[in-house]
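Colleague: Show me how the following folds:
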Amino acid sequence: LRCNKMADLLLLVLSVVLALQQSHGSYIDGDFTFGVPFTDDAVLQRGVKVAVYGMVDTDVTAVTVTLIDETTGQSVTTNSASILPSSAVGGTANPLCQQRCMDAGHCCQGAISSCQKPSCAIGCILAGRTNSVTACKAQCADIESNKQCKYPVVSPASPFHNPGETTQNQSISMCSNCPLLSNGTQCGSCGGEECMTGCEFGSPDVTKTPNAWKALLPPMAAGGSYTIQVNTSEKSISISRVTFGDVFICSGQSNMVLALNHTFSKFELDAKIASGLYHNIRIFPYGEMGTMYQETEPAYVTTTGSLHDIIPSSGTWGNMTAATKPRTNGDPFLNQFNMFSATCFYFAQTLTDERNETNPVPIGLIQTAVGGSQIEAWMPDSALAECKNESLNSDGQSPPTRLFNGMIAPFVNYSVQGFLWYQGENNVFGDAGNSGSNLGYGCEMVNMIKSWREYFSAENGTTPPDAPFGLVTLAAGGSEGHDTNMAAFRWSQTGNYGEMPNPAMPNTFLAHAYDIGDPMDNLRPPCSPSHSFGPNPTNKSAFGPNGPCIWPPATAWNKAVLPLRDVVFENIAPSFMGGIHPRFKHEVGRRLALAYLGIESPTLSGCSMNNGKLELQFKNLEFDDLLLQWNNSDYNMSNWNVKDSSTLMVCTGEGATSADCINNASLWQAAPLVPGTPKSLMVETSQISSSILAIRYGWPLMTRADTCCPNMLVSKGLTPCIPASCPIITTNNSLPANPFFAEIVNGKCQCLKPQDCSS
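Modeller: Okay, the predicted model is just below:
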């Protein structure tokens, strides 16, 4: 009898386990819901307390949160949630507005709809920007009469229906090519009435804003598969296949958004994932090139942008099995994985490789970035108030703080391991500033990092107050027509210290991209059929002994980029908007991951002028030595198209002072570098006739000089600019030197303050 009961018990446990493993969570029941980013397959931060949160009806007084081990079916912990007032929910419209639209048959989440007409989603947006339902509806009517959408109409990224196909919801006329949910629900419409419905769903005057609930889970070890079940006395919601690992926020503008689909390394990555590698990585896309969630108040708990549907899409966690599946409707290639941030994913790929674990720690990547955005939009008011000379485009692509409120605030209660930031192209035209003077981008970068850390660590024991923060400097080709601003701007990206970490930015890390512009950005006919971007194979007949075009030999590519030499020659990775979005994103992610692990770029620490010889000393070389990639002939400026570049330049001139060097490009000339010790370099001064007043490296001053390839053959489009080909790199890890600008004072280097290179 005991054996029979034991067998029955085992069958019961097994059935529970199988049900948990196979089920999709029920994320929402009316006004009782998880907030962003809680969906099936979520990755929660290991080793710290983790907040789980969402919304609940205002008359509910008790909520419990249970963590269930899906392997055993046993409860790990059960906690009572705090009930917070509706003011803690945040956002300018009702945070459930878009969910209500979807429940009523109007799809609202995900990528921009091609419909470009009013929809329920537009009503939700307008509800947060108007004073009343009447005013909201009036704007809906105005938009409809003008037949033009002033705000993004958002809808799921997949799947799409074809024009003329029958749908389950035929009560509202449809536009051509509007997306559908998997159940056939309409995602956008041409009717103004739908917009007005959104006004009612989003207005606090019509629908009460729910309260928030929040519970803390105890620190957990990496791995596992869990269900989070949340209950009131009458309702239950849950998410499944939750695991614990390292969570990173990936934010910025279009080069952070730029999809894996637009990179040279994507083909090799596909093969590795198909072989079973990198299945420890899960992804959560939230916003993209043109999809943004703007709020005038912080939306700490919201469902905006989170698609509660089993189809992987924006606002949904995706594991590598689900995210890489071809779409069943529309373009099968445009799945969640292919459209995910390349820089973000390649960082996690390299981190997984470098850790080299038998059972790799899960890594959760949250992409919350918007193309064309400026840093001011990502900063809370309190941080922005610390700086002067903010920069905004004339059209105010996103007003200050709006993206912080709508796309960072939903995650500040979600414990994370760290942050990755790639942004600046839309700020480079403005005041680069200086953190030491509380001016411009230099001040803003420092204060944004401080403010994000303060918000994310507000709950003791969750995200550490010094959580690692990494950023990428702008790539060559990313100046948006402001070449002469690039050097100072990159310096300001580091808080004007020239390296990271630094006193103003502790526990930060840095990946340079100044030397990895798109290699095909300069190629012209006959080497390429036209100056357009891939898929656009090179004209192979034009290369070789009988053609005018030259493909650089393998010996010219350093070991970090050599594996992609032949892939670049084929040039079949589709480009997005040209050279401003370089396709060498694996190298960016690799450098970020190495920097996160403490392997930094070499930094000028000091120099000395003795008997006419100038020696440059470098630091951050605990794991590496210096390597020079240029020959003496490469410094011959008579072969350059522009008499300036990112190589080492020296300022000389009879009667000139070091102050003249900063703004007078004519005083500069290239100076060959030769090996010194493994940690130092010598400047060849035999051809320099007067005293050296200043030196600079990776610091171009002239238009079209932001390049490591000043050779005329490159500028004429007859050969590509080889990525990572600036003179100074490291021997083992092929990392480029940090750029610098230093005056020579009494035979020693003196960098621009607050940077110090006088040791």
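
Colleague: drop to CA atoms for contacts and neighbour counts, all remaining ones
Modeller: Fine.

Colleague: Report the contact partners of the closest residue to residue 235 other than its chain neighbours.
Modeller: Nearest non-adjacent residue to residue 235, counting by C-alpha to C-alpha, 6 or more residues apart in numbering: residue 29, 7.2 Å away. Residues in contact with residue 29, defined by C-alpha atoms under 8 Å, 6 or more residues apart in numbering, are 235-237.

Colleague: Show me what the longest strand seen in the chain is packed against.
Modeller: What stands out as the longest strand in the chain, according to DSSP state E, is strand 236-252. For strand 236-252, the packing partners by 3 or more C-alpha pairs under 8 Å, 6 or more residues apart in numbering; DSSP states H and E come out as helix 2-22, strand 28-29, strand 32-34, strand 43-45, strand 223-231, strand 363-369, strand 418-422.

Colleague: rerun that using 6 Å as the cut-off
Modeller: With contacts defined as 3 or more C-alpha pairs under 6 Å, 6 or more residues apart in numbering; DSSP states H and E, strand 236-252 has these neighbours: strand 43-45, strand 223-231, strand 363-369, strand 418-422.

Colleague: elements contacting the last one?
Modeller: Strand 418-422 sits against strand 236-252, strand 469-472, with contacts defined as 3+ C-alpha pairs under 6 Å, 6+ apart.

Colleague: ok, residues contacting the first one?
Modeller: Residues from elsewhere that reach strand 236-252, judged by C-alpha atoms under 6 Å, 6 or more residues apart in numbering: 25-27, 39-46, 222-230, 361-369, 416-423.

Colleague: can you list the helices and strands packed on strand 236-252 in a markdown table and add mean pLDDT and distance to residue 436?
Modeller: As requested, these are exported to a markdown table (pLDDT from 0 to 100; distance: least, C-alpha to C-alpha, whole Å):
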| stretch | mean pLDDT | distance to residue 436 |
| --- | --- | --- |
| strand 43-45 | 98 | 35 |
| strand 223-231 | 97 | 43 |
| strand 363-369 | 97 | 28 |
| strand 418-422 | 98 | 21 |
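
Colleague: got the ones you listed as TSV, with mean neighbour count and distance to residue 646 columns?
Modeller: Below are the helices and strands packed on strand 236-252 laid out as TSV (neighbours: other C-alpha atoms under 10 Å; distance: least, C-alpha to C-alpha, whole Å):
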stretch	mean neighbour count	distance to residue 646
strand 43-45	30	40
strand 223-231	22	45
strand 363-369	29	29
strand 418-422	23	21
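
Colleague: Can you list the low-confidence ranges for the stretch 1-150 of the chain?
Modeller: Residues of the stretch 1-150 of the chain meeting the criterion pLDDT under 70: 1-26, 90-92, 102, 105-118, 144, 146-150.

Colleague: where do the strands sit along it?
Modeller: Using DSSP state E, counting those that start in this stretch, the strands found in the stretch 1-150 of the chain span residues 28-29, 32-34, 43-45, 50-56, 64-69, 75-80, 82-84, 111-112.

Colleague: The fifth one to strand 50-56, inter-axis angle?
Modeller: On the basis of axes from the mean of the first three to the mean of the last three C-alpha atoms, to 10 degrees, strand 64-69 is oriented at 130 degrees to strand 50-56.

Colleague: Does anything pack onto strand 64-69? Which helices or strands?
Modeller: For strand 64-69, the packing partners by 3+ C-alpha pairs under 6 Å, 6+ apart are strand 75-80, strand 223-231.

Colleague: Name the strands paired with the shortest one and say parallel or antiparallel.
Modeller: Using DSSP bridges, the strands paired with strand 75-80 are strand 64-69 (antiparallel).

Colleague: circling back: the strands of the stretch 1-150 of the chain: which one's closest to residue 737?
Modeller: strand 43-45 (33.3 Å; C-alpha to C-alpha).

Colleague: what lines up beside that closest one in the sheet?
Modeller: Neighbouring strands of strand 43-45 in its sheet, by DSSP bridges, are strand 236-252 (parallel).

Colleague: tell me the mean pLDDT over the strand it pairs with?
Modeller: Strand 236-252 comes out with an average pLDDT of 97.

Colleague: and if you look at stretch 458-469?
Modeller: Over the span of stretch 458-469, the pLDDT mean works out to 97.

Colleague: ok, residues contacting that stretch?
Modeller: By C-alpha under 6 Å, 6+ apart, the residues outside stretch 458-469 that reach it are 48-49, 415-416, 418-419, 453, 456-457, 507-508.

Colleague: Span of that stretch from start to end?
Modeller: By C-alpha to C-alpha, to the nearest Å, the extent of stretch 458-469 from end to end equals 17 Å.

Colleague: now stretch 483-500
Modeller: Stretch 483-500: ends 23 Å apart by C-alpha to C-alpha.

Colleague: that older thread, dump the strands of the stretch 1-150 of the chain to JSON lines, plus distance to residue 514.
Modeller: Compiled in JSON lines, the strands of the stretch 1-150 of the chain are given as follows (distance: least, C-alpha to C-alpha, whole Å):
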{"stretch": "strand 28-29", "distance to residue 514": "46"}
{"stretch": "strand 32-34", "distance to residue 514": "42"}
{"stretch": "strand 43-45", "distance to residue 514": "33"}
{"stretch": "strand 50-56", "distance to residue 514": "37"}
{"stretch": "strand 64-69", "distance to residue 514": "46"}
{"stretch": "strand 75-80", "distance to residue 514": "49"}
{"stretch": "strand 82-84", "distance to residue 514": "47"}
{"stretch": "strand 111-112", "distance to residue 514": "31"}
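
Colleague: Packed most tightly, which of the helices and strands packed on strand 418-422 would that be?
Modeller: Comparing the helices and strands packed on strand 418-422 by mean neighbour count (mean count of other C-alpha atoms under 10 Å), strand 469-472 ranks first with a mean of 25.

Colleague: Using JSON lines, lay out the helices and strands packed on strand 418-422 together with distance to residue 631.
Modeller: Listed next are the helices and strands packed on strand 418-422 as JSON lines, based on distance: least, C-alpha to C-alpha, whole Å:
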{"stretch": "strand 236-252", "distance to residue 631": "37"}
{"stretch": "strand 469-472", "distance to residue 631": "28"}
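
Colleague: Do me a favour and average the pLDDT over stretch 324-342.
Modeller: Mean predicted confidence for stretch 324-342 is 80.

Colleague: First-to-last residue distance for it?
Modeller: This stretch, stretch 324-342, spans 14 Å end to end (C-alpha to C-alpha).

Colleague: got it, and stretch 124-143?
Modeller: End to end - C-alpha to C-alpha - stretch 124-143 spans 14 Å.

Colleague: Centre of the chain to that stretch, how far?
Modeller: Centroid separation for stretch 124-143 versus its chain: 32 Å, with C-alpha atoms, centre = their mean, to the nearest Å.

Colleague: Can you get me a residue count around the closest residue to residue 612 other than its chain neighbours?
Modeller: Spatial nearest neighbour of residue 612, excluding adjacent residues (C-alpha to C-alpha, 6+ apart): residue 685 at 7.1 Å. Residue 685: 17 surrounding residues under other C-alpha atoms under 10 Å.

Colleague: Look up how far residue 610 lies from residue 685.
Modeller: Counting by C-alpha to C-alpha, the gap from residue 685 to residue 610 is 11 Å.
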